[in-house]
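# Task: produce atomic coordinates for the following.
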Amino acid sequence: MNLAQAILLSPSDNVAVANGRLEAGTALPGGAIAMAAIDGGHKVAVKAIPAGSAVVKYAQAIGRATQDIAPGEHVHSHNLVFESGRLPVVPPSEAAHATDDDRARTFMGYRRADGRAGTRNFIGIIASVNCSTTVCRAIAEQANQKLLPNYPGIDGFVPIVHDQGCGMSGTGDGMRVLHRTLAGYARHPNFGGVLMVGLGCEVNQLTLYGQKGVAAGKRHFNIQEAGGSRKSVEKALGVLAEIAEEVGQLQREPIPVSEIVVGLQCGGSDGMSGITANPALGAAVDILADAGGTGILSETSEIYGAEHLLGSRAATPEIAEKLDGYVRWWEDYVALHGASLDNNPSPGNKKGGLTTILEKSLGAVAKGGQTTLNGVYGYAEKVTEHGLVFMDTPGYDPVSATGQVAGGANIIAFTTGRGSCFGCRPTPSIKLASNSALFRSMEEDMDVDCGRIASGEIGVAELGREIFDLIVETASGRKTKSELFGYGDNEFVPWHLGATL
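Got it, this is the predicted structure:
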C-alpha cells in the first residue's frame, strides 16, 4: 500500500484513492500520472479501464465503467455506475485477538437489578405519544434545574420523545416496532429509572408497558388523568424525586468488559472511511468480541451488495439466511416506494469520493472487523448473543442508532468522513474522524483522528487497540465530545413503519 499521495488498497485494484488533494502531474502507484487535480478521498485510475469493464477497489468490483478510462483519470459518477449482483467472496484477514489481560479487564459501570451493565446513570422521561412530548421536555427541564443539583450521582434527566404513538394502527409492523423500541429504552441499563408519560386517549396506551421485563423504578401516568400539562409536570417532579433517591446513591463498580455492547455507526462517509476509520473500528470490535463483548453492526441498506461477504462469516447457515431475508425485504420495500437501494450514497458521500452502493457497502462492513457473525436481529430486538451481531435497521443514522440502543447498546462508536454531529442519550457516542483535515476542523466534535493511518503515523491494528481502550474508558465514565456539548436529547428517532391514519 502506498501511503504517500495515493493509496492502492490491493495489487488487483485498478483505482487508487487520493490521500489528500492530488495536483495534476502527481505520480501514482504503478507509474501513472494524474491527468487533473483530484480531491481527497476520490478515485483515480492507475490502469486503463475499458468501457463496460469492472472498476476494482478493495480487490472487489464496485461498478462498471461507462466509457474508456485512461490511467491517471478521475473515476467517479461521471464514468462509473452501479452494477447489481453480488461481489466475489474474498477470504477475510485474520481477526485481531484479545490478550489474556483484555479478557480479564473490567470497566467501572453500574450493575442494574436485572443483572445488566450500564455505562451511565441517567433517569429517562419517555413519551408514549407525540401528544405528551412537550410535557416530557418540560418535566426534564424542570428536573435538571431543581432535582439534579441534589444528586451528583445522576448523569441527568433525559426526555425520550418522538412523533408517533397515535394516528396509526394498533396492530402491524409499525406498532410492534414502536412498542419494542420504547420498551427497549424503558429497560435500558443506562437508565437507573424511567418515568413514562402519555396523554391518555392514544393508540399506544401505557398499559402496554407493564412492569414485567422493564427496569426497576419505572412509573407511568397520563396527562388527562393528572389534570393537565402543568399539573403533570408537578406530579412528575414528585415521582422523579422518589426515583432519584433510589438511584442517586449508586456507585460505579468493576464489571467485565464482556458486558460492553457497542453499536457500530457510520455517517457522512467519505472515500477514506473504508480505509481508515471503519477498519480501525473493526479491529477494536475484533478485540472486544474475542474478550466476550458485543458489537452490533447495522444499516442493512448500506451493506447491500456486500451482505454475502458478511454472511460468509456467519456461525451457522441459518444466521446467513436470516441476513439474506432482511436484504430481500429491503429490495421489495424500496421498490414498493419507487426507489432503489443505489439511491445511496448520499450527495455528501459522493462529494467525499464514494460513487456506488457497492463501494460504500464494502467500507461499511469493515466496521464489523473480521470476526464471526454470531446473530441477526430485527430492529430494536434485545441483543443476547456476544461477539459480532447484525441488527436490521435503515441507514439513516438516528433511526439506526435508536434501534441499537433499544437492543441494549451501552456505547455507540460512530465513524464519519464529512463531519456528522451526533449524540444518543442515554448511550455515549464516540466519534471517529476518517481524515485528519476533518479532525482538525471539527476537533470539538471528534474523539479520534483516524486519518493518522493514511499519513503512516499509525497502523490499523494499533489504532484499533487505541479505540478499544477508549471504549473501555468511555464505559467507565469518560465523557465524549458529543456528551460535553450536550447532544442526545433530539436523536431518538424510532423507525416509522406502516400507514399514518
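
# Touching, residue 411 and residue 471? I think so.
Yes - at 5.7 Å, residue 411 counts as touching residue 471 under the criterion of C-beta atoms under 8 Å. In short, each C-beta sits where N, CA and C put it, glycine included.

# what do these two both touch?
Common neighbours of residue 411 and residue 471, counting by C-beta atoms under 8 Å, 6 or more residues apart in numbering, are 260, 262, 430.

# From the residues you listed, pick the one nearest residue 109.
The shortest approach to residue 109 among the shared contacts of residue 411 and residue 471 belongs to residue 260, at 8.4 Å (C-beta to C-beta).

# Find the nearest non-adjacent residue to the closest one, please.
Spatial nearest neighbour of residue 260, excluding adjacent residues (C-beta to C-beta, 6 or more residues apart in numbering): residue 293 at 4.5 Å.

# Next, work out how far apart the one you found and residue 366 are.
Using C-beta to C-beta, to the nearest Å, residue 293 is found at 18 Å from residue 366.

# Residue 28 now?
For residue 28 relative to residue 366 (C-beta to C-beta), the value is 24 Å.

# Check residue 5 too.
In terms of C-beta to C-beta, residue 5 sits 23 Å off from residue 366.

# neighbour count winner among the two?
Per other C-beta atoms under 10 Å, whichever of residue 5 and residue 366 has more neighbours is residue 366, with 28 against 18.

# Quick check, that one in contact with residue 283.
No - between residue 366 and residue 283 there is no contact under C-beta under 8 Å: 9.5 Å.

# that older thread, could you check how many residues crowd around the residue nearest to residue 260?
29.

# quick one, what contacts it?
Neighbours of residue 293 in contact, by C-beta under 8 Å, 6+ apart: 257, 258, 259, 260, 261, 262, 386.

# The last one and residue 295 touch, don't they?
Spelled out, it's residue 386. No - between residue 386 and residue 295 there is no contact under C-beta under 8 Å: 9.6 Å.

# okay, and the common contacts of these two?
Counting by C-beta under 8 Å, 6+ apart, the residues touching both residue 386 and residue 295 are residue 289.

# The two - which one has more neighbours?
residue 295 (30 against 18).

# three-state assignment of that one?
Using DSSP: H, G, I helix; E, B strand; the rest coil, the structure places residue 295 in strand.

# how near is it to residue 416?
Distance of residue 295 to residue 416, given as C-beta to C-beta: 18 Å.

# And residue 313, by the same measure?
25 Å.

# repeat for residue 102
Applying C-beta to C-beta to residue 102 and residue 416 gives a distance of 27 Å.

# More neighbours: the two, which one.
residue 416 (28 against 19).

# What residues does the closest residue to the more buried one other than its chain neighbours make contact with?
In this structure, residue 416 finds its nearest non-sequential neighbour in residue 268, 4.5 Å apart by C-beta to C-beta, 6+ apart. By C-beta under 8 Å, 6+ apart, the residues touching residue 268 are 348, 349, 352, 416, 417, 418, 419, 420.

# doesn't the first one fall inside a helix?
Yes - under three-state DSSP, residue 348 sits within a helix.

# Quick check, residue 435 in contact with residue 453.
No - the pair residue 435 / residue 453 is not scored as a contact, 9.6 Å apart, by C-beta under 8 Å.

# Next, show the common contact partners of the two.
residue 276.

# What does the spatially closest residue to residue 281 that is not a sequence neighbour show for phi and psi?
Among residues not flanking residue 281 along the chain, residue 367 sits closest, at 5.0 Å (C-beta to C-beta, 6+ apart). Residue 367 adopts backbone torsions of phi -60, psi -20, taken as degrees, to the nearest 10.

# okay, residue 367: pLDDT?
Reading off the confidence values, residue 367 has pLDDT 95.

# okay but it is in contact with residue 299, surely?
No - between residue 367 and residue 299 there is no contact under C-beta under 8 Å: 9.3 Å.

# Can you pull the residues that touch both of these two?
Taking C-beta under 8 Å, 6+ apart as the contact rule, residue 367 and residue 299 both touch residue 266.

# got the buried residues for stretch 155-163?
155, 156, 157, 158, 159, 160, 161, 162 (16 or more other C-beta atoms under 10 Å).

# From those, which land in strands?
156, 157, 158, 159, 160 (DSSP state E).

# I'd guessed residue 350 sits against residue 80; true?
No - the pair residue 350 / residue 80 is not scored as a contact, 10.8 Å apart, by C-beta under 8 Å.

# Same drill for the two, tell me which one is more crowded.
residue 80 (23 against 17).

# Tell me what that one is bridged to.
Listed beta-bridge partners, residue 80: residue 65 (assigned using DSSP bridges).

# Distance check, it against residue 161.
Counting by C-beta to C-beta - residue 80 and residue 161 are separated by 42 Å.

# same deal with residue 472?
For residue 472, the distance to residue 161 - C-beta to C-beta - is 31 Å.

# Mean confidence (pLDDT) on stretch 253-269, please.
Here stretch 253-269 scores 96 as its mean pLDDT.

# Packing partners of the helix or strand containing residue 412?
Per DSSP states H and E, residue 412 falls inside strand 411-416. When contacts are defined as 3 or more C-beta pairs under 8 Å, 6 or more residues apart in numbering; DSSP states H and E, strand 411-416 packs onto strand 261-266, helix 277-290, helix 397-406, strand 429-433, helix 460-475.
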